[in-house]
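# Build me a model from this:
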Amino acid sequence: MTDGRTIVFVHGKGGFESRQSWLGPLNSGMSGLGYPVIGAPGDRIIEADYLVALLEGGEGTTPAIEWTEPEPRIRHAMWADFLVRRAALAEVIERSRNNPGPLHAGLVSDTPLPSAIAGTMEAVATYRGSSRHRHAAWRAVLGCLPETGRITVVAHSLGSILMIDLLTRLPPGLQIDLLLTIGSPMGVKVLRAHHHGVDTAAGFPSDRVLSWLNVYDPGDIITIGRGASPFFKAALDAPISTGASHSLTGYMSHPVVAAAVGFTMFGDRAEHHAESVPSRRLDPRWDPLLLRFAYTQQLWATCDTDKWGFRRNLDAARRVLARRTIDDIRRRHEAMPEDIREISPLHPSRTPTEADLLIHAARLVQGQMSDSQLVVAGVDFLLAPALSPFDLDIAGSHAHEALEALFEQVRRPSSTHSGPDLALAAIAAVKESKSVLQETGFRWGPVLITAGIGLLAATGVGLAIAVPAGLAGAAAIASTLATFGPGGMVGGIATLTALTGAASVMTGVGVAVELSPHDPRYELVREAMAKALADQTAAQLRTSVAGMLAVLFAQRQLELASDAGSIEELLLRTESLIEHERGLHAEIAPGRPGTKAWSTKARVISRALASLERHAGESDSK
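So this is what the prediction gives:
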């Protein structure tokens with residue numbers, strides 16, 4: 001926003017809250033919808049605080065009426081233009097909103113309850129009952145506004161009543177592109193007494209207020225379940241669900257609010273996307289990281305709107321991880337020898353920006369990954385923490401919905417499978433693999449799928465892997481941010497790809513070594529992978545093996561090339577190592593917890609191999 005866009009926030013009955021309470025969730029929503037965020041150089045953010053002036057009621061003049069109704073011909077033309085703009089805004093809102101569920105009609109506006117509400121809140125009662133205090137509040141807000149230019153106004157609760165009352169008293173040179181009222185008590189009859197006729201089409205200054213959206217939760221008692229349109233011809237109502245909350249953050253977290261502000265400030269987001277997605281091609285080794293961030297963006301977008309607190313936490317986790325990622329990229333690049341710094345995938349010209357991770361991730365990987373690669377990613381997303389190291393509780397149904405939406409968005413156009421088909425296959429495969437490995441007393445939970453060494457994926461055929469420096473005959477390769485990221489964000493994708501032997505274009509940042517089965521180092525690498533699996537805790541091993549089986553089950557369901565042979569070979573190697581260690585522990589420390597843990601790991605591998613054998617028999621019989 002470098003062209004002088006200005007946003008004004010007018011607080012509610014409780015006075016000014018922190019900027020983060022309204023701008024933070026608004027920016028989160030706009031980012032999630034693909035719009036720029038507010039706060040860049042050139043932005044102007046005005047917070048109109050009127051509470052002290054209202055309660056003190058200082059002497060002063062009554063703000064004058066600055067708008068007069070134009071002649072009928074001009075007025076009708078202005079109103080027609082206003083209706084066209086309102087229809088365009090309504091279309092944007094419907095594309096972004098979640099179904100609020102059945103709406104109740106609200107309370108009758110002149111029942112005792114609304115009057116009681118209006119009479120027991122000090123600020124509301126003062127505004128309603130005293131013209132001196134009311135006019136002082138008007139002067140306070142008008143004093144915060146620019147004399148000329150264009151602004152977007154967000155007004156909460158009592159602030160919405162105040163702004164409606166000021167519409168004909170605004171400076172003649174000031175234009176409101178969008179009046180966004182949220183949680184407004186305008187359904188209370190006694191609060192609609194000072195607006196100077198803006199409830200009619202003829203009395204509404206449609207040449208100065210270009211659009212008006214009223215967002216309310218029918219369960220919010222302050223709104224008494226009623227919108228603005230029954231009382232004001234110009235208002236466009238958007239009933240939403242905030243969980244019956246009157247919270248400012250709850251309202252500002254809803255995608256309807258972000259869509260309205262984004263559309264008003266930046267126009268249609270589809271046009272903006274075409275301009276804002278980087279034209280440069282990032283190094284493809286960042287694709288797993290971008291896909292993970294695209295998944296977390298879908299988790300945000302598909303979250304129930306009445307869970308606004310969780311949405312806020314989800315967005316905070318995304319932003320923290322994005323910042324950590326960018327900082328880690330920079331540090332790693334600076335630490336590189338100068339002779340490889342320019343050609344490294346960590347070079348700024350080939351790495352994602354924070355905006356790429358938070359906003360453009362899905363579009364940057366759109367069409368870049370095969371169905372096989374998406375299956376591996378989907379299995380990891382379902383088994384591992386969504387935003388490690390943050391322990392956010394993502395419901396299974398929520399994760400499934402986000403995965404379907406993501407795969408439909410990023411799959412290749414040439415794919416014979418729809419996004420939901422790919423997601424449902426991964427979901428069913430994870431469920432089946434957990435069933436195979438389930439034991440009494442074991443509770444499944446998100447676990448990072450890593451094999452203890454930096455496992456990178458294959459390019460074409462063969463295996464590219466980061467091998468420990470001490471492994472004889474194999475190249476030492478650093479496992480870097482693109483593979484594991486903050487808290488292992490994509491390590492599971494790469495690790496699962498390597499563990500299953502799936503042919504993939506996912507590789508890690510840094511030097512990659514491609515190994516085919518004919519390479520003498522291949523056996524050393526596979527042995528290292530088996531040892532790393534065997535050394536995992538029982539819970540980690542169970543999750544890693546569940547991921548391997550799930551990839552195989554999904555491949556079978558989707559009729560993709562199978563990695564059953566590679567998986568079986570690795571599990572047999574792992575079983576041999578585990579059985580040897582279990583035998584030693586049984587002899588030296590019988591019955592001890594450590595020995596029991598090795599027995600548990602042996603059972604996990606045995607169950608997995610039995611499942612592979614059973615499925616192989618079923619395939620042979622067909």
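# Can you classify the nearest residue to Glu56 once chain neighbours are set aside as helix, strand or coil?
Among residues not flanking Glu56 along the chain, Ala136 sits closest, at 6.8 Å (CB to CB, 6 or more residues apart in numbering). No exception for glycine: its C-beta is placed from N, CA and C like everyone else's. Assigned with DSSP: H, G, I helix; E, B strand; the rest coil, Ala136 falls in the helix class.
# mind listing what Ala136 touches?
Contacts for Ala136 (CB atoms under 8 Å, 6 or more residues apart in numbering) come out as 53-54, 56-58, 60.
# Packing partners of the helix or strand where Gly250 lies?
Under the criterion of DSSP states H and E, Gly250 resides in helix 248-252. With contacts defined as 3 or more CB pairs under 8 Å, 6 or more residues apart in numbering; DSSP states H and E, the packing partners of helix 248-252 are helix 19-32, strand 148-156, strand 173-182, helix 308-335.
# export those to CSV and tack on mean pLDDT?
Listed next are these as CSV, based on pLDDT from 0 to 100:
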stretch, mean pLDDT
helix 19-32, 87
strand 148-156, 96
strand 173-182, 97
helix 308-335, 83
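# wait, which of these is closest to Ala201?
strand 173-182 (15.7 Å; CB to CB).
# so how far is Ala80 from Ser388?
54 Å (CB to CB, to the nearest Å).
# between the two, which one's more packed in?
Remark: of Ser388 and Ala80, Ser388 carries more neighbours, 21 against 10, as counted by other CB atoms under 10 Å.
# Now the helices and strands packed on helix 248-252 in TSV, please, with extra columns for mean neighbour count and distance to Thr574.
Shown next, in TSV, are the helices and strands packed on helix 248-252 (neighbours: other CB atoms under 10 Å; distance: least, CB to CB, whole Å):
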stretch	mean neighbour count	distance to Thr574
helix 19-32	21	41
strand 148-156	21	58
strand 173-182	22	57
helix 308-335	18	31
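# so where do the helices sit in the stretch 51-200 of the chain?
Secondary structure of the stretch 51-200 of the chain (DSSP state H, counting those that start in this stretch): helices located at 51-56, 72-96, 112-120, 122-129, 131-144, 158-166.
# Out of these, the one nearest Leu572 is which?
helix 72-96 (51.9 Å).
# how far out from the middle of the chain is that closest one?
Distance of helix 72-96 from its chain centroid, counting by CA atoms, centre = their mean, to the nearest Å, is 31 Å.
# Same question for that helix: list its buried residues.
By 16 or more other CB atoms under 10 Å, the buried positions in helix 72-96 come out as 75, 78-79, 82, 85-86, 89, 92-93, 96.
# returning to that earlier point: mean pLDDT lowest for which of the helices of the stretch 51-200 of the chain?
Of all the helices of the stretch 51-200 of the chain, mean pLDDT reaches its minimum on helix 112-120 (a mean of 47).
# leaving aside the residues next to it on the chain, what's closest to Ala48?
Cys144 (4.1 Å).
# Next: Ile45.
Ile7 (5.8 Å).
# Looks like that neighbour contacts Val261 (just checking).
Yes - using CB atoms under 8 Å, Ile7 is in contact with Val261, at 7.4 Å.
# so what's in contact with these two at the same time?
Common neighbours of Ile7 and Val261 (criterion: CB under 8 Å, 6+ apart): 38, 152, 154.
# quick one: which of the residues you listed is nearest Ala554?
Lowest distance from Ala554 to the shared contacts of Ile7 and Val261 (CB to CB) belongs to Ile38, with 41.6 Å.
# For Ile221, see how far away Gln540 is.
Taking CB to CB, one finds Gln540 at 49 Å from Ile221.
# Comparing those two, which residue is more hemmed in?
More neighbours surround Gln540 than the other of Gln540 and Ile221, with 18 against 15 (other CB under 10 Å).
# mind checking pLDDT for the more buried one?
On the pLDDT scale, Gln540 gets 85.
# again, but for Ala202
For Ala202, pLDDT reads 93.
# pretty sure it belongs to a strand, no?
No - the assignment for Ala202 (three-state DSSP) gives coil, which keeps it out of a strand.
# circling back: out of the contacts of Ala136, who's the most crowded?
Leu54 (27 neighbours).
# Number of residues surrounding the residue lying closest to that residue once chain neighbours are set aside?
Distances taken as CB to CB, 6+ apart place Ala137 nearest to Leu54, at 3.9 Å, with adjacent residues excluded. Residues near Ala137, counting by other CB under 10 Å, number 27.
# thought Ala137 was touching Tyr127?
Yes - contact criterion CB under 8 Å: Ala137 and Tyr127 qualify, at 6.5 Å.
# Now list whatever residues contact both of those two.
Contacts common to Ala137 and Tyr127, judged by CB under 8 Å, 6+ apart, are 54, 162.
# Walk me through the domains of this protein.
Listed domain ranges for the chain are 6-60+71-267, 284-561 (source: automatic domain parsing).
# what's the closest of the ones you listed to His580?
It's domain 284-561; of the domains of the chain, that one is closest to His580 (CB to CB) at 9.0 Å.
# Next, the distance between the ends of the closest one.
23 Å (CA to CA, to the nearest Å).
# and stretch 382-395, C-alpha only, in PDB?
Extracted in PDB, the C-alpha atoms of stretch 382-395 (Å, rounded to 0.1, in the frame of the first residue of the first chain):
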ATOM      1  CA  LEU A 382      -1.500 -36.600   8.600                       C
ATOM      2  CA  LEU A 383       1.000 -38.300  10.900                       C
ATOM      3  CA  ALA A 384       3.300 -35.500  11.900                       C
ATOM      4  CA  PRO A 385       2.600 -32.300  13.900                       C
ATOM      5  CA  ALA A 386       1.200 -29.600  11.600                       C
ATOM      6  CA  LEU A 387       3.300 -26.800  12.800                       C
ATOM      7  CA  SER A 388       6.100 -28.300  14.900                       C
ATOM      8  CA  PRO A 389       7.400 -27.400  17.500                       C
ATOM      9  CA  PHE A 390       4.000 -25.800  18.400                       C
ATOM     10  CA  ASP A 391       1.600 -28.500  19.800                       C
ATOM     11  CA  LEU A 392      -1.600 -27.300  18.100                       C
ATOM     12  CA  ASP A 393      -4.500 -29.800  18.400                       C
ATOM     13  CA  ILE A 394      -5.700 -30.200  14.800                       C
ATOM     14  CA  ALA A 395      -8.900 -32.200  14.600                       C
END
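# what about that stretch, average pLDDT?
For stretch 382-395, the per-residue pLDDT averages 85.
# Check the offset of stretch 425-442 from the chain's centre.
27 Å.
# Give me the residues contacting it.
In contact with stretch 425-442 (CB under 8 Å, 6+ apart) are residues 375, 378-379, 382-383, 400, 403, 417, 444, 539, 542, 545-547, 549-554, 557-558, 600, 603-604, 607-608, 611.
# Identify the residues contacting stretch 17-27?
9, 11, 37-39, 45, 47, 154, 156, 248-249, 252-253, 257-258, 261, 308, 311-312, 315.
# mind running it again at 7 Å?
When contacts are defined by CB atoms under 7 Å, 6 or more residues apart in numbering, stretch 17-27 is touched by residues 9, 11, 37-39, 45, 47, 154, 248-249, 252-253, 257-258, 261, 312.
# correct me, but the residue nearest to Ile45 touches Gly149?
No - applying CB atoms under 7 Å as the test, Ile7 and Gly149 come out as separate, 11.9 Å apart.
# picking up where we left off before, wait, which of the helices of the stretch 51-200 of the chain is closest to Leu392?
Of those, the one closest to Leu392 (CB to CB) turns out to be helix 72-96, at 23.3 Å.
# Counting by contacts, list what the closest one packs against.
Other helices and strands packing on helix 72-96, by 3 or more CB pairs under 7 Å, 6 or more residues apart in numbering; DSSP states H and E, are strand 236-239, helix 255-266.
# And the last one, what does it pack against?
Helices and strands in packing contact with helix 255-266 are listed as helix 19-32, helix 72-96, strand 148-156, strand 173-182, strand 212-216; criterion 3+ CB pairs under 7 Å, 6+ apart.
# can you give me the angle that helix makes with strand 148-156?
180 degrees (axes from the mean of the first three to the mean of the last three CA atoms, to 10 degrees).
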